[in-house]
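J.: Model the structure of this input:
(one chain, ligands or ions: 2)
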Amino acid sequence: MSKKSEFVVVANRLPVDRVTDGEGEATWRRSPGGLVTAIVPVMQRRQGAWVGWSGAPDQDLEPFEAEGLSLIPVRLSARDVEYYYEGFSNATLWPLYHDVIAQPVYRRSLWEVYERVNRRFARAAADVAAEGAIVWVQDYQLQLVPKMLRELRPDLRIGFFLHIPFPPMELFQQLPWRRDILQGLLGADLVGFQSRDAASNFVRLCRRFLDLKPQGHEVAIEGRTVRADHFPISVDANELITLAADPGVQKRAAQIREDLGNPASVLLGVDRLDYTKGIQQRLEAFTELFEDERLKSGDAVFVQVATPSRERVEEYRILRDEIELQVGRANGLYAELGAPIINYMHTSYTREELAALYLAADVMVVTPLRDGMNLVAKEYVACRPDLRGALLLSEFAGAAAELHRAFLVNPYDIGGTKNRMWEAMHASPTERARRMRSMRKRVIEHDVDLWAKEFLDALEDGR
Ligand code: ADP
Ligand code: G6P
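T.: Ligands and ions are numbered 1, 2, ... in the order given. As a prediction, the model looks like this:
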């Protein structure tokens, strides 16, 4: 019999992705996105198993160890990837939960596969969990797992955390499977959200669509009590502070600035290439500063790093084309020979290179149209003990509830964003330091370890 675990994380993705290089050799690389960034350090400090998908279709893999973690792969066929991952998860739920920025696709065939794949994850978790173990299910791809897992293993203590926003009634109501999703989540003992609003939306929806009678944060169902609450996620602040202090990283940051031509201001965006991130709006605001002749080549350079993401989903393909056109057009109009105003990199970087970019940036531009939290904002703050950077942050990012001393913007308001960007670029060193000091206090005190501890303590409390 295989070894059982007292603590199990279940997420759509494993923390590493299986990629095949030019010679056909398979290697492992850190998976993209905030979920993996946040959960890896938590798991490295607590012994446990991580159940998830390898990121490639049709892979039959045995459990293995990587990054000091014990990983249990779940197989997805090419059809599962298309219907469950690209389909229901990323063409239905993702846009629905992010304010319908893109039109969600509602198709029964996608739902059926979502259900089937959720059952597979539930079985995999049930197989690996020890008697009475804690199982922590992550994110929107696996919202049916808590209920399915409880049916298989009523002895377990089940937590669920949603990394993305949870929509209000008017939007969630569209979902043909709204009752199934709510019931799926209520299989957990504790359902965690990024924000207070998201937790209230959930409780309100349970009352409206399941005829339950929640009392405050608690929902009584089938003789159990489910608690719904908010637990804003964070970063591994110490890891980032150590990286930022590394002489190699600091040297690289200086080199980056030099390579950019030592402009007065370096602005930086770091995102998955996703339509929720507001990349087009921020580049438009920046370009308008040149159009208005408030900036000229040499004054400021924008570095936009965009990790490839969900490239087979149509909306993502369209977005990539549009951004590349936009960057080309802006540089065509305002760059000088050898000095683009926007440096666009469609790639992902190591943590060291990211830290060097954060150190090199005078203004970090984080302007999502909607985001559960946004860890990039917190990473930047953690990396700036010198207090010299400025953070331009969207009101629509979960992080804005904690980082109120950022330069806050409404990213839909291009004129307002442009002015705030200008203000952030020209803020005095004293003002930058004042804002950064207050934001750093928050990020350092509320790091990812505290987040995990608060969630897991609340989960244990109800035992
Ligand atoms: P999301 O989870 O939607 O991708 P977050 O901002 O919460 O958004 O998390 C993104 C994570 O991915 C951060 O830890 C960030 O450092 C990392 N990341 C984003 N872009 C890149 C990139 N180009 N290279 C490496 N890591 C990246
Ligand atoms: C966000 C989601 C995660 C997801 C990540 C990367 O952070 O909340 O669940 O893993 O994006 O997206 P991907 O589709 O590549 O897993």
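J.: where does the stretch 1-150 of the chain come near ligand 1, residue by residue?
T.: Taking C-beta under 6 Å from any ligand atom as the criterion, the neighbours of ligand 1 within the stretch 1-150 of the chain are 32-34, 37. From N, CA and C alone the C-beta is placed, and that goes for glycine too.
J.: at 8 Å instead, please
T.: Those residues of the stretch 1-150 of the chain that sit near ligand 1, judged by C-beta under 8 Å from any ligand atom, are 30, 32-38.
J.: Keep only those of those residues that are in helices.
T.: In this view, those that belong to helices under DSSP state H are 34-38.
J.: Reformat the residues you listed as CSV; add pLDDT.
T.: Listed next are these as CSV, based on pLDDT from 0 to 100:
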residue, pLDDT
Gly34, 95
Leu35, 95
Val36, 95
Thr37, 94
Ala38, 95
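J.: count of residues packed around whatever residue of the chain ends up closest to ligand 2?
T.: Of all residues in the chain, Gly33 sits closest to ligand 2, with a separation of 2.4 Å (C-beta to the nearest ligand atom). Applying other C-beta atoms under 10 Å, we find 17 residues neighbouring Gly33.
J.: residue contacts, it?
T.: In this structure, Gly33 makes contact with 13, 272, 309, judged by C-beta atoms under 8 Å, 6 or more residues apart in numbering.
J.: Any quick ChimeraX command for the buried ones out of the residues of the stretch 1-150 of the chain next to ligand 1?
T.: Filtering those down to the buried ones (16 or more other C-beta atoms under 10 Å) takes a single ChimeraX command:
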select :30,32,33,34,35,36,37,38
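J.: so which of the residues of the stretch 1-150 of the chain next to ligand 1 comes closest to Tyr358?
T.: Comparing these against Tyr358 with C-beta to C-beta places Thr37 closest, at 13.6 Å.
J.: and the gap between the residue lying closest to that closest one once chain neighbours are set aside and Gly33?
T.: Excluding the flanking residues, the one nearest Thr37 by C-beta to C-beta, 6 or more residues apart in numbering is Leu375, at 5.7 Å. Relative to Gly33, Leu375 is positioned 9 Å away (C-beta to C-beta, to the nearest Å).
J.: now swap in Ala11 and tell me
T.: Look at Ala11 and Gly33: by C-beta to C-beta, they are 10 Å apart.
J.: repeat for Pro57
T.: Taken as C-beta to C-beta, the span from Pro57 to Gly33 is 19 Å.
J.: and if you look at Gln194?
T.: The spacing between Gln194 and Gly33, counted by C-beta to C-beta, is 14 Å.
J.: can you list the residues of the protein near ligand 2?
T.: 11-13, 31-36, 55, 85, 89-90, 138-141, 163-164, 272, 274, 309-310, 372.
J.: Mind doing that once more with 6 Å?
T.: Residues of the chain that fall close to ligand 2, judged by C-beta under 6 Å from any ligand atom: 13, 32-35, 139, 163-164, 309-310.
J.: Out of those, flag the one nearest to Arg432.
T.: Taking C-beta to C-beta as the measure, Arg432 sits nearest to Gly34 out of the residues of the chain next to ligand 2, at 25.4 Å.
J.: Looks like that closest one contacts Lys378 (just checking).
T.: No: in this structure, Gly34 sits apart from Lys378 without contact. The criterion is C-beta atoms under 8 Å, and the distance is 9.7 Å.
J.: still on that earlier bit, ok, now which ones touch the residue nearest to Thr37?
T.: Taking C-beta under 8 Å, 6+ apart as the contact definition, Leu375 lies against 34, 37-38, 233-235, 399.
J.: Roughly how far does it sit from ligand 1?
T.: Going from Leu375 to ligand 1 by C-beta to the nearest ligand atom, to the nearest Å gives 4 Å.
J.: which phi and psi does that residue have?
T.: Per-residue torsions, Leu375: phi -80, psi -20 (degrees, to the nearest 10).
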